[in-house]
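K.L.:
no sequence on this one, just coordinates:
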């Protein structure tokens, strides 16, 4: 798998100097923006050099056997090129061309021809109908047609993160990358798998267990091998956040036309995901909004949540959201309420805790009281930034959460643009809506519960997930 992300030589088959040639954009990305130092060759009918990359008329004429071949030509030419790659000894291929299984019987026949070649030659293929891979730490990207000045690609590579995505759509991949640029967490790797005739999402769940990935995000249109996916998910010690289309008949039909993705029975699939520990997302935005709950905060180990607000209305709003999310708005003990009374400027010492205009120390005292309370598992601060010192107190809150090993999902009831600006400037994991914040607590608790059910133990001292050697059981085979 590593050669898909860190090849020491590449050939782009189909890159040329023709106007709007997509293969050329891959060469430009590697050479001009990422300053890729390893050899990049191109293959085209004229054997012409493209942006300094030596050109050849055939893969068989290359001076060496590249680690990775990227194919972006008309679909009818692909089977023959794959055969040439096999003769050259190339073992990793990304097929970015479209027009295979998603294109009808002719395309299906070509895909079967490719399948036979790779099986008999030990080749691994990504795609077809995909963008391939991106790795921020290795500074590698095989995406075609991306204008780095428009997608903030330079910034994405300058700030590598710990979120890795397997996405069955190039457009969704770009959406996620652009959105995360304005958030706290950064990208580790992105995989666009398209029709996934060979390498699939389960392969990457296993692969991402071994690198810097902390959270795995997925966008899927179909699952070809449900058992393989669920078994990989059960082995995962890292949260898997999945958005899958096809919940409706119309969505399933749309998936077929896009990536030949026949969506599975959604009720059965949902049940299997719960058993395997996969967290299914409710919206595409959750792919980029929720990961920071896992990278910046401890897990929510119980469902008892305390709220703290300096605007009483948002306590009422969030109370409904908590209940709907199967979280508990915990009654505060008499001892905790007595401590809150001594903090001063507190309108309500019951949950939600409500204060009026108050100095910074009041905020800090309340954070400490709530996080240290035995009856509280996590905190939902709903704090309008009416003074700049509120930002300073939120920085202290982050430290307290780590100290007490309890999470806080922070929402600042201000204009979204203001909240995003505060998040970006001050590096505070702020959620943009109360719904997002409550959902973040919910998925954090789901993941903790799934670890326990799957036989993993979360060590609160070392902050590592460890296998306690218990047998993983379940009714996955029946569900699938």
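P.N.:
Arrived safely, thanks for sending. All values reported here derive from a predicted model rather than from experimental measurement.
K.L.:
tell me the domain ranges of the chain?
P.N.:
1-129, 159-295, 297-453 (automatic domain parsing).
K.L.:
for the first one, measure first residue to last.
P.N.:
Same thing as domain 1-129. 19 Å (C-alpha to C-alpha, to the nearest Å).
K.L.:
now residue 161. Nearest residue, chain neighbours left out?
P.N.:
residue 186 (2.3 Å; C-beta to C-beta, 6 or more residues apart in numbering). (Each C-beta comes from the backbone N, C-alpha and C, glycine too.)
K.L.:
hmm, which helix or strand of this structure has the shakiest average pLDDT?
P.N.:
Every helix and strand of the chain was ranked by mean pLDDT, DSSP states H and E. The lowest is helix 476-479, at a mean of 32.
K.L.:
neighbouring contacts of the longest helix seen in the chain?
P.N.:
Ranked by number of residues, the top helix in the chain under DSSP state H is helix 434-453. Contact partners of helix 434-453, identified using C-beta atoms under 8 Å, 6 or more residues apart in numbering, comprise 237, 239, 241, 277, 279, 282, 286, 289-290, 292-294, 297, 299-303, 305, 314, 317-318, 321-322, 325-327, 378, 380, 382, 407, 409-411, 413, 431, 457-458, 465.
K.L.:
so residue 186 sits against residue 163, correct?
P.N.:
Yes - at 7.0 Å, residue 186 and residue 163 qualify as touching, with contact defined as C-beta atoms under 8 Å.
K.L.:
who's more crowded, the two?
P.N.:
When neighbours are counted by other C-beta atoms under 10 Å, residue 186 and residue 163 differ, and residue 163 comes out ahead with 27 against 20.
K.L.:
surely that one touches residue 183?
P.N.:
No - using C-beta under 8 Å as the test, residue 163 is too far from residue 183 to be in contact (9.6 Å).
K.L.:
OK, contacts around residue 56?
P.N.:
41, 42, 43, 47, 62.
K.L.:
as a quick check, tell me the outermost residue of the protein.
P.N.:
What lies farthest from the middle of the chain is residue 342; by C-alpha atoms, centre = their mean that is 43.4 Å.
K.L.:
quick one: average pLDDT of the helix or strand harbouring it?
P.N.:
With elements taken from DSSP states H and E, the one containing residue 342 is helix 334-343. Helix 334-343 shows a mean pLDDT of 94.
K.L.:
any idea how far the helix or strand following that helix is from the middle of the chain?
P.N.:
Going down the chain from helix 334-343, the next helix or strand is strand 346-348, by DSSP H and E. Taking the mean of its C-alpha atoms, strand 346-348 sits 40 Å from the chain's own mean (C-alpha atoms, centre = their mean, to the nearest Å).
K.L.:
just checking, what packs against strand 346-348?
P.N.:
strand 353-355 (3 or more C-beta pairs under 8 Å, 6 or more residues apart in numbering; DSSP states H and E).
K.L.:
direction included, what does the strand it packs on pair up with?
P.N.:
strand 304-309 (parallel), strand 346-348 (antiparallel) (DSSP bridges).
K.L.:
after that strand, next one along is what?
P.N.:
By DSSP H and E, the next helix or strand past strand 353-355 is helix 360-372.
K.L.:
what is that next one packed up against?
P.N.:
Using 3+ C-beta pairs under 8 Å, 6+ apart: helix 360-372 touches strand 304-309, helix 334-343, strand 353-355, strand 378-382, helix 389-404.
K.L.:
now the ones you listed as TSV including distance to residue 83?
P.N.:
Supplementary listing: the helices and strands packed on helix 360-372 in TSV, determined by distance: least, C-beta to C-beta, whole Å:
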stretch	distance to residue 83
strand 304-309	59
helix 334-343	71
strand 353-355	69
strand 378-382	57
helix 389-404	55
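K.L.:
which among these is found nearest to residue 363?
P.N.:
Among the helices and strands packed on helix 360-372, the nearest to residue 363 by C-beta to C-beta is helix 389-404 (4.1 Å).
K.L.:
list the beta-bridge partners for the spatially most central residue of the chain.
P.N.:
By C-alpha atoms, centre = their mean, the chain has its centre lying nearest to residue 217, at 2.7 Å. Beta-bridge partners recorded for residue 217 (DSSP bridges): residue 165, residue 241.
K.L.:
can we start the residue count at 519 from this point?
P.N.:
Okay, using 519 as the starting number, the last item reads as residue 735.
K.L.:
tell me the contacts of it?
P.N.:
Residue 735 neighbours (C-beta under 8 Å, 6+ apart): 681, 682, 683, 684, 685, 694, 759, 760, 805, 806, 809.
K.L.:
6 Å instead, please
P.N.:
683, 759, 805 (C-beta atoms under 6 Å, 6 or more residues apart in numbering).
K.L.:
show me the contacts for residue 642.
P.N.:
Residue 642 sits in contact with 610, 716, 717, where contact means C-beta under 6 Å, 6+ apart.
K.L.:
out of the contacts of residue 735, who's the most crowded?
P.N.:
Neighbour tally across the contacts of residue 735 (other C-beta under 10 Å): the maximum, 28 neighbours, falls on residue 683.
K.L.:
can you tell me how far that residue sits from residue 882?
P.N.:
Look at residue 683 and residue 882: by C-beta to C-beta, to the nearest Å, they are 37 Å apart.
K.L.:
equivalent analysis for residue 562, please.
P.N.:
Taking C-beta to C-beta, one finds residue 562 at 64 Å from residue 882.
K.L.:
do the same with residue 916
P.N.:
Shown here: residue 916 relative to residue 882, a distance of 12 Å by C-beta to C-beta.
K.L.:
same question, residue 834
P.N.:
25 Å.
K.L.:
please apply the same query to residue 873.
P.N.:
12 Å.
K.L.:
with residue 556 instead?
P.N.:
52 Å.
K.L.:
with residue 899 instead?
P.N.:
Counting by C-beta to C-beta - residue 899 and residue 882 are separated by 12 Å.
K.L.:
looking at the two, which is more packed in?
P.N.:
Set residue 899 next to residue 882 and count neighbours by other C-beta under 10 Å: residue 899 wins out with 25 against 16.
K.L.:
that one touches residue 824, doesn't it?
P.N.:
No - counting by C-beta atoms under 6 Å, residue 899 does not reach residue 824; the two are 9.4 Å apart.
K.L.:
rewinding a little: quick one: contacts for the residue farthest from the centre of the chain?
P.N.:
Counted by C-beta under 6 Å, 6+ apart, residue 860 has zero contacts.
K.L.:
how does it look with 10 Å?
P.N.:
Taking C-beta atoms under 10 Å, 6 or more residues apart in numbering, we find residue 860 in contact with 867, 883, 887.
K.L.:
again, but for residue 731
P.N.:
Contact partners of residue 731, counting by C-beta under 10 Å, 6+ apart, are 679, 680, 681, 682, 683, 706, 707, 722, 723, 725, 756.
K.L.:
ok, 6 Å please
P.N.:
682, 706.
K.L.:
hang on, it in a strand?
P.N.:
No - per DSSP: H, G, I helix; E, B strand; the rest coil, residue 731 lies outside any strand segment and is coil.
K.L.:
measure it to residue 522 for me?
P.N.:
14 Å.
K.L.:
so where's this protein uncertain?
P.N.:
For the chain, the stretches flagged by pLDDT under 70 are 667-670, 765-782, 975-998.
K.L.:
quick one: contacts of stretch 861-877?
P.N.:
824-828, 830, 833, 847, 850, 855, 858-859, 880, 883-884.
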